[in-house]
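> sequence and predicted structure below; questions after.
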Amino acid sequence: MQPGPKNLITDVKGLRVGNAQDDTLKSGCTVVTANTPFTASVHVMGGAPGTRETDLLAPDKSVAAVDALVLSGGSAFGLDACSGVVDGLRSDARGYKVLDVIIPLVPGAILFDLLNGGDKEWDANPYRDLGHKAYQSASTDFSLGTIGAGTGALTGSLKGGLGSASLVLDNGATVAALVATNPIGNVTTSNDRHFWAAPFEIDAEFGGVGTDPASGLGRNLNSRKMAAFMERANTTIAIVATDMVMDKAQSQRVAIASHDGIGRAIIPAHMPGDGDAVFALSTGEIKMQNPDFDLMMIGHAAALCLSRAIARAIFEATPAPNDLLPCWRDLNTAKDTS
């Protein structure tokens, strides 16, 4: 397995990603969409999730495909970003058709970034407009780090962000991940330099500093974030994708397996104050030849991509006024030049 051409979720043919953010607000949203509906499911392992329309993604529910998925900051306010995406899809005559009515289906999940130093004194909820802007900007090319849903994200000790990564399997199928990383846990060991995801890094995609040689790691949380405000202001939300055909039950199994990627890259993960949720989608371009083996490999690759995407999110984060936590690059550029 090797990364796709862009090392982004848009290496899955047909997918587009749009981002919108307000730097004064220190928040934003991210949308994944395509020209045609796609199969999707979801699995939640955090204790404090915030989601919209995720029940319809269960394998026993009647809707087979959706039009977009949304990741957003803003806690409960951010769920309105889905409404902005619905507006954009409706303008494009996209959605589930019931006689003459078109209903765009847009599940989403949110992270908590209301206490990150941004100006949250709005008169009207800004997330619907941000969602619409993100949908309108959707493209196969997009940036990582302090952008979209990752704009105001914070990890336990460093600034968070938006990350992505991909892998092409030996059978030609592509698997990829997109993540907004805002956990209570840390993505690096206590020295703020070595990523927990380092064993899975490819081509120095998040700095190439390798694994921490120390032992006995992980026993201390060392959370600057918890000290700054509270332990419930968290969540890592992600989308994994493949071009291999999957139904909703198979997609849900991949979403479950993908959570391993969070557990390998963030310590601790899936805490009571996290809302960790992973969507899994299929564009249905490539048929499975060996369903049991192919599904296993998709889940395995999705977890690898998610770990790498989490580290890339933090590696690519950039500083902004009133930041509460430092960026990985700021701390480690100083170490590299000292």
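Arrived safely, thanks for sending. Bear in mind the structure is a predicted one, so any value in this text is a computation, not a measurement.
> would you map the strands across the stretch 101-250 of the chain?
Counting by DSSP state E, counting those that start in this stretch, the segments of the stretch 101-250 of the chain that form strands are 101-103, 108-110, 161-168, 174-182, 235-244.
> using TSV, lay out the ones you listed together with mean pLDDT and mean neighbour count.
Bear in mind the C-beta positions are built from the backbone N, C-alpha and C, glycine included. Shown next, in TSV, are those (pLDDT from 0 to 100; neighbours: other C-beta atoms under 10 Å):
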stretch	mean pLDDT	mean neighbour count
strand 101-103	89	13
strand 108-110	96	30
strand 161-168	98	29
strand 174-182	97	31
strand 235-244	95	30
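> identify whichever of those lies nearest to residue 278.
Comparing these against residue 278 with C-beta to C-beta, the closest turns out to be strand 235-244 (4.7 Å).
> export that closest one as CSV, just CAs?
Taking C-alpha atoms only, strand 235-244 is exported to CSV below (Å, rounded to 0.1, in the frame of the first residue of the first chain):
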residue,chain,number,x,y,z
THR,A,235,-14.0,15.5,20.1
THR,A,236,-12.3,14.0,17.1
ILE,A,237,-14.6,13.6,14.2
ALA,A,238,-13.6,11.9,11.0
ILE,A,239,-14.7,10.5,7.6
VAL,A,240,-13.1,7.5,6.0
ALA,A,241,-13.8,6.7,2.4
THR,A,242,-13.2,4.1,-0.3
ASP,A,243,-14.1,3.6,-4.0
MET,A,244,-14.8,-0.1,-3.4
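> by contact count, what packs against that strand?
With contacts taken as 3 or more C-beta pairs under 8 Å, 6 or more residues apart in numbering; DSSP states H and E, strand 235-244 sits against strand 66-72, strand 108-110, strand 174-182, helix 248-265, strand 277-286, helix 291-315.
> distance of the residue nearest the centre of the chain from residue 279?
With distances taken as C-alpha atoms, centre = their mean, residue 179 lies nearest the centre of the chain, 1.7 Å away. Going from residue 179 to residue 279 by C-beta to C-beta, to the nearest Å gives 11 Å.
> in the stretch 1-150 of the chain, which spans are helices?
For the stretch 1-150 of the chain, the helices defined by DSSP state H, counting those that start in this stretch cover 81-91, 127-136.
> which of those helices sits closest to residue 102?
Evaluated over these, closeness to residue 102 peaks at helix 81-91, with 6.3 Å, by C-beta to C-beta.
> contacting residues around that closest one?
With contact meaning C-beta atoms under 8 Å, 6 or more residues apart in numbering, helix 81-91 is reached by 29, 31, 33, 52-53, 67-68, 70, 72, 74, 95, 102, 104, 106-108, 127-136.
> now the angle between helix 127-136 and that helix, please.
Angle of helix 81-91 versus helix 127-136, following axes from the mean of the first three to the mean of the last three C-alpha atoms, to 10 degrees, is 50 degrees.
> how far out from the middle of the chain is helix 81-91?
20 Å (C-alpha atoms, centre = their mean, to the nearest Å).
> mean confidence for it?
Helix 81-91 comes out with an average pLDDT of 95.
> buried set for that helix?
Buried residues in helix 81-91, counted by 16 or more other C-beta atoms under 10 Å: 81-89.
> with stretch 182-192 instead?
By 16+ other C-beta under 10 Å, the buried positions in stretch 182-192 come out as 182-190, 192.
> mind listing the shared neighbours of residue 179 and residue 279?
Both residue 179 and residue 279 are in contact with 238-239, where contact means C-beta under 8 Å, 6+ apart.
> quick check: pLDDT value at the nearest residue to residue 140 once chain neighbours are set aside.
Nearest residue to residue 140 in three dimensions, chain neighbours excluded: residue 10, at 4.3 Å (C-beta to C-beta, 6 or more residues apart in numbering). Listed pLDDT for residue 10 reads 98.
> ok, residue 10 - how many residues close by?
26 (other C-beta atoms under 10 Å).
> then residue 287?
Neighbours of residue 287 under the rule other C-beta under 10 Å: 10.
> for residue 319, same thing?
12.
> so which strand or helix has it?
For residue 319, there is no helix or strand it lies in under DSSP states H and E.
> pretty sure it sits against residue 331.
No - applying C-beta atoms under 8 Å as the test, residue 319 and residue 331 come out as separate, 10.8 Å apart.
> ok, the residue nearest to residue 117 when sequence neighbours are not counted - contacts?
Excluding its sequence neighbours, the residue lying closest to residue 117 (C-beta to C-beta, 6+ apart) is residue 322, at 3.8 Å. Residue 322 sits next to 26, 117-118 when contact means C-beta under 8 Å, 6+ apart.
> ok, now residue 261?
177, 238, 302-307, 309-310.
> skip the chain neighbours and tell me the closest residue to it.
The nearest residue in space to residue 261 (C-beta to C-beta, 6+ apart) is residue 306, at 2.9 Å.
> before we move on, the earlier item: roughly how far does the residue nearest to residue 140 sit from residue 34?
10 Å.
> overlap in contacts, the two.
Common contact partners of residue 10 and residue 34 (C-beta under 8 Å, 6+ apart): residue 16.
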